[in-house]
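Engineer: Compute the structure for the input listed below.
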Amino acid sequence: MTASNVESNLLASLDAVRERCGTVVVTCCYRCATGSEFGGEWRGVPVGPLLDGAPPDTTHLRVESADGYRAHVAVREALDAVVATERLDGPADGLPRLVGPGFDSSQAVRDLAALAPVALPPDADPVPGTVGGDGSEPGSE
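Structural biologist: The predicted model follows:
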């Protein structure tokens with residue numbers, strides 16, 4: 001079975017990972033497509049330990065928001081990320097949220113509903129968008 005066939009939601013182990021590994025703080029700044037900037041200081045559970053049970057062929061994390069937005073984050077980028085459960089320097093809206101240094105704004109998904117390991121082919125160019133397949137086209141199953 002490849003990671004792309006796994007429909008596990010890594011968020012199910014969030015509390016267990018918090019108990020085992022604690023929380024970390026990350027400070028990030030993002031520029032939206034509109035040109036406006038947002039950022040902040042967040043505390044949350046590190047993504048690395050959430051991946052402990054992921055299949056070995058996992059290349060990306062499929063990140064889905066409660067409203068159906070989907071983005072893919074390469075595992076190598078996600079290892080420095082956190083599932084933020086607190087915002088330390090501003091309003092706590094949009095939590096939980098995936099944040100990480102080096103992310104572009106499309107990957108800092110708010111109102112996180114699912115975090116799933118997937119194996120994308122090397123030539124895949126996943127485009128953020130609405131819930132769809134794991135290839136390069138949003139909306140294709």
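Engineer: tally of neighbours for residue 66?
Structural biologist: Residues near residue 66, counting by other C-beta atoms under 10 Å, number 13. Glycine gets a C-beta too; all of them are placed from N, C-alpha and C.
Engineer: hmm, I was thinking of residue 107
Structural biologist: 21.
Engineer: which residues does it contact?
Structural biologist: For residue 107, the residues meeting the contact criterion (C-beta atoms under 8 Å, 6 or more residues apart in numbering) are 63, 71, 73, 77, 98, 100, 128.
Engineer: Redo the residues you listed as JSON lines? Include pLDDT and neighbour count.
Structural biologist: Output for these, formatted as JSON lines (pLDDT from 0 to 100; neighbours: other C-beta atoms under 10 Å):
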{"residue": "63", "pLDDT": "94", "neighbour count": "26"}
{"residue": "71", "pLDDT": "92", "neighbour count": "23"}
{"residue": "73", "pLDDT": "92", "neighbour count": "26"}
{"residue": "77", "pLDDT": "90", "neighbour count": "17"}
{"residue": "98", "pLDDT": "93", "neighbour count": "25"}
{"residue": "100", "pLDDT": "90", "neighbour count": "21"}
{"residue": "128", "pLDDT": "79", "neighbour count": "16"}
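Engineer: can you tell me which of those residues are in helices?
Structural biologist: Among the contacts of residue 107, the ones falling in helices (DSSP state H) are residue 77.
Engineer: Could you give the number of residues near residue 90?
Structural biologist: Per other C-beta under 10 Å, the neighbour tally for residue 90 reads 11.
Engineer: same deal with residue 16?
Structural biologist: Quick note: residue 16 (other C-beta under 10 Å) scores 12 neighbours.
Engineer: ok, now how distant is it from residue 52?
Structural biologist: 10 Å (C-beta to C-beta, to the nearest Å).
Engineer: quick revisit: what's the most distant pair in the contacts of residue 107?
Structural biologist: Farthest apart among those by C-beta to C-beta are 100 and 128. That separation is 14.8 Å.
Engineer: ok, so of the contacts of residue 107, who is nearest residue 110?
Structural biologist: Of all those, residue 110 sits closest to residue 98, with 8.3 Å by C-beta to C-beta.
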